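> Mind folding the following:
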Amino acid sequence: MDQEKIAFQTKCVHTGNGIDKETGSIRRPITMANSYRLPEDASTLNWSDPNQLVYTRNTSANQIYLQEKLAALEGGEDCVVLGTGVAALAGVFFTFLDQNAHIICSNVSYVAVYRLLHEYFPDKYGVEVTLLDTANLDEIKKAVRPNTKMIHIETPGNPTTRVSDIAEIAKIAKSAGALLTVDSTFASPFLQRPLHLGADLVIHSLTKYINGHGDAMGGAVIGGKELIDKIKRQAMVNLGGAISPFNAWLIMRGVVTLPLRMKQHSESALKIAHFLEEHPAIAFVAYPGLASHPQHEIAKKQMTMFSGVISFGLKGDVDIHNKFVNSLDLIVPAVSIGHDESLIVYTGPTDERNHYYPEEFKNGHLRFSVGLEDADDIINDLQQAIQKAGL
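Numbering: from 1, shown residues only. Predicted structure coming up:
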């Protein structure tokens with residue numbers, strides 16, 4: 001069946017799946033081999049070919065199945081899957097940022113991106129970096145230089161939930177002859193398709209929503225075949241960023257329920273965000289689904305729902321925030337997002353990126369990943385913890 005004619009939900013179930021030829025199993029098995037049988041004449045073999053089954057550092061069977069599925073879900077020509085989300089991000093930067101290139105990036109981003117672009121790439125390779133508010137199109141336009149090679153955005157952004165206008169930034173990037181790369185981890189391909197909006201590459205931490213079970217790590221980059229081939233050869237084969245076949249298999253399993261989970265995450269998060277916004281103990285709430293969110297209209301334009309991450313703060317100091325977190329019963333104090341269980345992490349006012357945060361975040365904030373529990377149970381847990389914290 002033509003992949004372009006079937007629905008997203010159907011692709012989640014069927015794309016990349018097939019009948020195992022040896023056993024007839026309707027689930028492709030985990031192939032944990034690190035080497036594959038060479039052809040009878042290997043004299044002309046490319047030992048670093050990232051698309052041929054030779055050695056698992058180059059690629060693996062389970063990786064190929066997962067790449068096929070993710071490319072279909074994002075509407076891309078090709079996909080490369082790597083060991084973690086950070087491996088995917090670093091692979092993109094390593095592949096396309098030459099010495100003395102210039103990159104424009106969101107000034108509030110995942111901490112590993114901040115370190116890569118604030119420290120490592122400038123110090124080691126002379127890459128010029130401009131960190132700015134990518135929700136401000138005028139700032140982006142003013143920052144473009146003759147050597148600008150890439151604009152990188154997170155949308156929604158971590159941890160502020162800032163939303164950047166992908167279609168408008170794509171126009172800026174195109175006019176500058178630069179690549180637009182979009183980290184769409186907080187949205188997943190079910191809620192947002194950056195490639196359809198003009199991005200060149202879309203990046204996911206598969207560890208989060210796409211896997212959805214909190215038991216595997218992986219990262220992916222999806223886009224045009226020519227760009228993806230470069231990442232495969234440089235970041236996967238020759239930097240050793242390959243994913244474990246077992247993790248690839250686990251993530252394939254997780255993708256099947258992605259549409260169901262994202263609907264539940266989004267519906268619950270919106271209900272909980274409204275509760276928090278109306279609560280007198282809450283200092284602020286940042287959630288793209290709220291009309292009060294500064295980029296709510298952009299989120300409505302480019303997302304189908306608003307995902308499951310809420311950031312908020314209490315009317316209290318560090319001790320109050322810690323007491324609140326440690327009084328929660330159902331919600332687990334742990335990093336990451338997109339798990340079946342709700343997760344929360346408190347970041348205090350000493351965060352190294354604090355000077356880039358919006359004003360309301362600077363006294364510390366809570367990043368809350370809403371899980372698949374009943375929304376009313378989560379609201380009750382938040383309420384009792386607020387009371388125990390003395391608010």
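
> which intervals of the stretch 251-391 of the chain have sub-threshold pLDDT?
Along the stretch 251-391 of the chain, the model assigns pLDDT under 70 to no residue.

> Please report phi then psi for His204.
Main-chain torsions, His204, degrees, to the nearest 10: phi -130, psi 140.

> Do you know the pLDDT at it?
Listed pLDDT for His204 reads 98.

> Now do the same contact list for it.
70, 85, 88, 183-185, 188-189, 210, 219-220, 222 (CB atoms under 8 Å, 6 or more residues apart in numbering). (Each C-beta comes from the backbone N, C-alpha and C, glycine too.)

> looking at this, Asp377 is in a strand?
No - with DSSP: H, G, I helix; E, B strand; the rest coil as the criterion, Asp377 is assigned helix and is not in a strand.

> Isn't it up against Ile331?
No - Asp377 is beyond contact range of Ile331, at 9.8 Å (criterion: CB atoms under 8 Å).

> Compare the two (neighbour count), which wins?
More crowded of Asp377 and Ile331, by other CB atoms under 10 Å: Ile331, with 22 against 14.

> Next, count neighbours for the residue lying closest to that one once chain neighbours are set aside.
With CB to CB, 6 or more residues apart in numbering as the criterion, Ile331 has its nearest non-adjacent residue at 4.4 Å, and that residue is Ser342. By the criterion of other CB under 10 Å, Ser342 has 26 neighbours.

> The protein - how does it break down into domains?
3-255, 259-388 (automatic domain parsing).

> Report the buried residues of the helix ranked longest in the chain.
As assigned by DSSP state H, the longest helix anywhere in the chain is helix 258-278. By 16 or more other CB atoms under 10 Å, the buried positions in helix 258-278 come out as 258-259, 261-262, 264-270, 272-273, 275-277.

> re the thing from before, with secondary structure added, can I get the contacts of His204 in a markdown table?
Compiled in a markdown table, these are given as follows (three-state DSSP):
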| residue | secondary structure |
| --- | --- |
| Leu70 | helix |
| Gly85 | helix |
| Ala88 | helix |
| Asp183 | strand |
| Ser184 | coil |
| Thr185 | coil |
| Ser188 | helix |
| Pro189 | helix |
| Ile210 | coil |
| Gly219 | strand |
| Ala220 | strand |
| Ile222 | strand |
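
> Could you point out the member of those residues that lies closest to Met236?
Ala88 (9.7 Å; CB to CB).

> What count of nearby residues applies to the closest residue to that closest one other than its chain neighbours?
Closest residue in space to Ala88, ignoring its immediate chain neighbours: Gly219 at 3.1 Å, by CB to CB, 6+ apart. Using other CB under 10 Å, the number of residues around Gly219 comes to 27.

> Ok, Leu201 next?
With other CB under 10 Å as criterion, Leu201 counts 27.

> which ones are touching it?
92, 179-182, 221-223, 227.

> closest to Ile282 among these?
Distances from Ile282 to the contacts of Leu201, taken by CB to CB, are shortest for Val182, at 30.3 Å.

> Can you show me the CA trace of the helix or strand where that closest one lies as PDB?
Using DSSP states H and E, Val182 sits in strand 179-183. What follows is strand 179-183, C-alpha atoms only, in PDB (Å, rounded to 0.1, in the frame of the first residue of the first chain):
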ATOM      1  CA  LEU A 179      19.700  24.900   7.100                       C
ATOM      2  CA  LEU A 180      16.800  25.000   9.500                       C
ATOM      3  CA  THR A 181      17.000  22.200  12.100                       C
ATOM      4  CA  VAL A 182      14.100  21.700  14.500                       C
ATOM      5  CA  ASP A 183      14.100  19.700  17.700                       C
END
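
> which residues touch Arg27?
17, 20.

> Setting the sequence-adjacent residues aside, check what's closest to His194.
Heads up, residue 194 is Pro, not His. The nearest residue in space to Pro194 (CB to CB, 6+ apart) is Val182, at 3.9 Å.

> my guess is the one you found contacts Val202, does it?
Yes - in this structure, Val182 is within contact of Val202 by CB under 8 Å, at 5.1 Å.

> what's the overlap in contacts for these two?
Pro194.

> which residues touch the residue nearest to Ala88?
By CB under 8 Å, 6+ apart, the neighbours of Gly219 are 81-89, 91, 203-207, 243.

> same thing with Val163?
Val163 neighbours (CB under 8 Å, 6+ apart): 135, 155-157, 288, 293, 295-296, 298-299, 302-303.

> okay, now the closest residue to it other than its chain neighbours: neighbour count?
Computed as CB to CB, 6+ apart, the closest residue to Val163 that is not its neighbour in sequence is Gln295, at 3.6 Å. Each residue near Gln295 was counted by other CB under 10 Å, and the total is 20.

> Great, nothing more from me.
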